[in-house]
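Undergrad: let me see the structure of the following:
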Amino acid sequence: MGEYSKEDRTIIIKQICERIANGDSLRKICSNKDLPDRGTILAWLIDDDGIAASIARAREEQADHFFEEIIEIADECGISCSEEVQKAKLKIHARQWTIGRQQPKKYGDKLTHSNDPLNPIGDKVTFNVTELVPNAPKAN
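TA: As a prediction, the model looks like this:
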């Protein structure tokens with residue numbers, strides 16, 4: 001497909017965002033011959049902050065979609081077939097990994113670093129130097 005008008009771009013981006021929000025990848029969406037290729041969409045993202053913001057919002061919605069899918073996959077998985085259980089675990093893990101990277105503050109693993117002023121480590125170590133070094137001078 002050739003050049004696109006502003007109106008065409010708006011319609012195309014709306015379709016793409018809807019599909020992303022419903023769980024499709026940009027790669028899959030752009031494999032449709034009726035839509036621009038992935039490179040064109042990525043160029044639009046670079047050139048237009050509004051398009052970039054729309055795609056970013058769709059990615060946030062996609063993470064929520066995947067979160068809901070995780071619950072459905074787990075609920076629908078029967079215990080009768082080991083292969084089905086393994087398949088469900090793989091689907092869940094892939095979605096957990098994806099949403100943890102798409103929305104780390106909302107769905108990511110919570111990490112606490114030792115130098116984090118908002119989450120300081122509560123344990124303090126105190127010791128008596130004279131116990132460690134018997135000949136050390138005593139403090140006044």
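Undergrad: how many neighbours does residue 58 have?
TA: Number of residues near residue 58 (other Cβ atoms under 10 Å) recorded here: 22. C-beta coordinates here come from the backbone N, C-alpha and C atoms, glycine included.
Undergrad: in which helix or strand does it reside?
TA: helix 49-76 (DSSP states H and E).
Undergrad: so what's residue 73 scoring on pLDDT?
TA: We have a pLDDT of 89 for residue 73.
Undergrad: could you do the one 3 residues further on as well?
TA: Here, the pLDDT recorded for residue 76 equals 83.
Undergrad: how many neighbours does the closest residue to it other than its chain neighbours have?
TA: Nearest residue to residue 76 in three dimensions, chain neighbours excluded: residue 88, at 7.8 Å (Cβ to Cβ, 6 or more residues apart in numbering). Residues within reach of residue 88, counting by other Cβ under 10 Å, total 18.
Undergrad: hmm, back to that, for the helix holding residue 58, buried residues please.
TA: Within helix 49-76, the residues that qualify as buried are 51, 54-55, 58-59, 61-63, 65-67, 70, 73, counting by 16 or more other Cβ atoms under 10 Å.
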